[in-house]
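Enquirer: Below is the sequence, then the predicted model.
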Amino acid sequence: MRLPARRAFLRGLLATAGAAILPRALRAGEPRSITDSRGPRSFATTPQRIVSLNWALTEQLIGLEIVPAGVADPEGYAQWVAYPPIPKATVDVGKRETPNLERILGLQPDLLLLGGLQGNYADLAETIAPTLHFELFREDHDNATAVRANFLDLGALFGRRELAERKLAAMDAELARLKDEIASAFPEGAPKLTVVRFIDDKRVVISGANGLPEAAMTALGLETGFPVEPSRWGIAFKPVTALAEIEEGYVMHMEPFPKGDRLFNTALWQGMPFVKAGRFRTLPTLWTYGGALSIGRIGGQIAKSLLSDQT
């Protein structure tokens, strides 16, 4: 979060606290606990009205078949994440960096979910409702393992641990099936793959170690065609010209890229080795900084694209 945006949020939050707004009392029932970035947290019962300010956590909730009371920036989510769609009953609570506090208060949440740099105001957010903050993406841990563990932990908190386990097992089984199908389709060895997202016609983000696309590729038995060192987000920023270094395998880019014609119609692009060889593909909208089930969606789309050439 940029410093001015953080200050704006904190000013609004402190003003709210000054109005003596207190968290809603939790309903009586079976106690539940979960560990977030600040340590163990306890709840008297299962939270019912949840507001998520982080897209990955929003995705986790919907994956657990929970309808969030409110989420931040659903319009941006629809453009960049797309699936699973946000339920119609869920309220827009403003931007992720500067959420609308009045809307949040009006929903009377019994849980706020924060992620990443939003941890800077997690303690102050407690003046509105009990708050959980998760660091799902870090350089010093395996991101794919972290989002899976978080999916299970949230499942336990909401009384849906078995559902979470079933969904992860189904995802793993499908990826294993697709791995076998790819191996059969490429008996001499599957081609290498580079997954990218274009920023504009001059800059590209290349997915690499510690990223969810690479986790999906590993599950499919695929190797990268452009090695990238591990990082917090599992990506590397490069000039588009760096893609000319890719001499083998496929390159797949993820939508959206609304001004793609500015790049794809140029002589520079048409001269790329993988373009001349007919090994460039477009993937639909996929969120590479998402929840556990994103791994399956990414893997499914990669496999679909690879296998389409073999039919």
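Expert: Ah, there it is. Residues are numbered from 1 along each chain as shown.
Enquirer: Now do the SS call for residue 183.
Expert: helix (DSSP: H, G, I helix; E, B strand; the rest coil).
Enquirer: do the same with residue 190
Expert: Residue 190 - assigned by three-state DSSP - is coil.
Enquirer: got a list of what the closest residue to residue 50 other than its chain neighbours touches?
Expert: Excluding its sequence neighbours, the residue lying closest to residue 50 (Cβ to Cβ, 6 or more residues apart in numbering) is residue 111, at 4.7 Å. Where C-beta positions appear, they are placed from N, C-alpha and C, glycine not excepted. Residue 111 is in contact with 43, 47, 49-51, 129-132, counting by Cβ atoms under 8 Å, 6 or more residues apart in numbering.
Enquirer: For the residues you listed, pick the one with the most neighbours.
Expert: residue 51 (29 neighbours; other Cβ atoms under 10 Å).
Enquirer: ok so that residue is a strand residue?
Expert: Yes - using three-state DSSP, the assignment for residue 51 is a strand.
Enquirer: that older thread, spatially, which two of the contacts of residue 111 are the most separated?
Expert: 43 and 51 (15.1 Å; Cβ to Cβ).
Enquirer: any idea which of the contacts of residue 111 is the one closest to residue 174?
Expert: For those, the nearest to residue 174 is residue 50 (27.8 Å; Cβ to Cβ).
Enquirer: Please list all residues in contact with that closest one.
Expert: 61, 66, 68-69, 109-113.
Enquirer: go on, residue 190?
Expert: If you count contacts by Cβ under 8 Å, 6+ apart, residue 190 has them with 182-183, 220-223, 306.
Enquirer: Now with 10 Å, please.
Expert: By Cβ atoms under 10 Å, 6 or more residues apart in numbering, the contact list for residue 190 reads 179, 182-183, 217, 220-223, 249-250, 306.
Enquirer: do residue 170 as well
Expert: Residue 170 neighbours (Cβ under 10 Å, 6+ apart): 293, 296.
Enquirer: let's go with 8 Å and repeat that
Expert: Counting by Cβ under 8 Å, 6+ apart, there are no residues that residue 170 touches.
Enquirer: I'd like to know which elements whichever strand or helix holds residue 153 is packed against.
Expert: For residue 153, the host element (DSSP states H and E) is helix 143-157. In terms of contacts (3 or more Cβ pairs under 8 Å, 6 or more residues apart in numbering; DSSP states H and E), helix 143-157 is packed against strand 32-36, helix 55-63, helix 161-185, helix 212-219, helix 293-308.
Enquirer: quick one, phi/psi of the residue nearest to residue 50?
Expert: Note on residue 111: its backbone torsions stand at phi -160, psi 130 [degrees, to the nearest 10].
Enquirer: what are the ranges of the strands in the stretch 1-150 of the chain?
Expert: Secondary structure of the stretch 1-150 of the chain, counting by DSSP state E, counting those that start in this stretch: strands at 32-36, 39-43, 50-52, 70-71, 91-92, 111-115, 131-134.
Enquirer: ranking these by burial, who's on top?
Expert: Mean neighbour count (mean count of other Cβ atoms under 10 Å) peaks for strand 50-52 among those, with a mean of 28.
Enquirer: one step back: is it possible to export the contacts of residue 190 to CSV including distance to residue 294, neighbour count and pLDDT?
Expert: Output for the contacts of residue 190, formatted as CSV (distance: Cβ to Cβ, whole Å; neighbours: other Cβ atoms under 10 Å; pLDDT from 0 to 100):
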residue, distance to residue 294, neighbour count, pLDDT
179, 18, 18, 97
182, 19, 19, 96
183, 23, 13, 95
217, 13, 24, 97
220, 14, 23, 98
221, 19, 16, 97
222, 17, 25, 97
223, 21, 14, 95
249, 22, 19, 95
250, 20, 23, 96
306, 18, 22, 94
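Enquirer: so residue 238, which of the three states?
Expert: strand.
Enquirer: and it, what is it in contact with?
Expert: 203-206.
Enquirer: any idea which of the residues you listed is closest to residue 76?
Expert: residue 205 (16.9 Å).
Enquirer: Provide the count of other residues in contact range of the closest one.
Expert: 20.
Enquirer: before we move on, the earlier item: give me the buried entries from the contacts of residue 238.
Expert: The neighbour-count test (16 or more other Cβ atoms under 10 Å) marks 204-206 as buried among these.
Enquirer: With distance to residue 163 and pLDDT as added columns, please give the residues you listed in JSON lines.
Expert: Shown next, in JSON lines, are the buried ones among the contacts of residue 238 (distance: Cβ to Cβ, whole Å; pLDDT from 0 to 100):
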{"residue": "204", "distance to residue 163": "37", "pLDDT": "96"}
{"residue": "205", "distance to residue 163": "33", "pLDDT": "96"}
{"residue": "206", "distance to residue 163": "35", "pLDDT": "96"}
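Enquirer: Cross those against strands and list the overlap.
Expert: In strands, defined here by DSSP state E, the members of these are 204-206.
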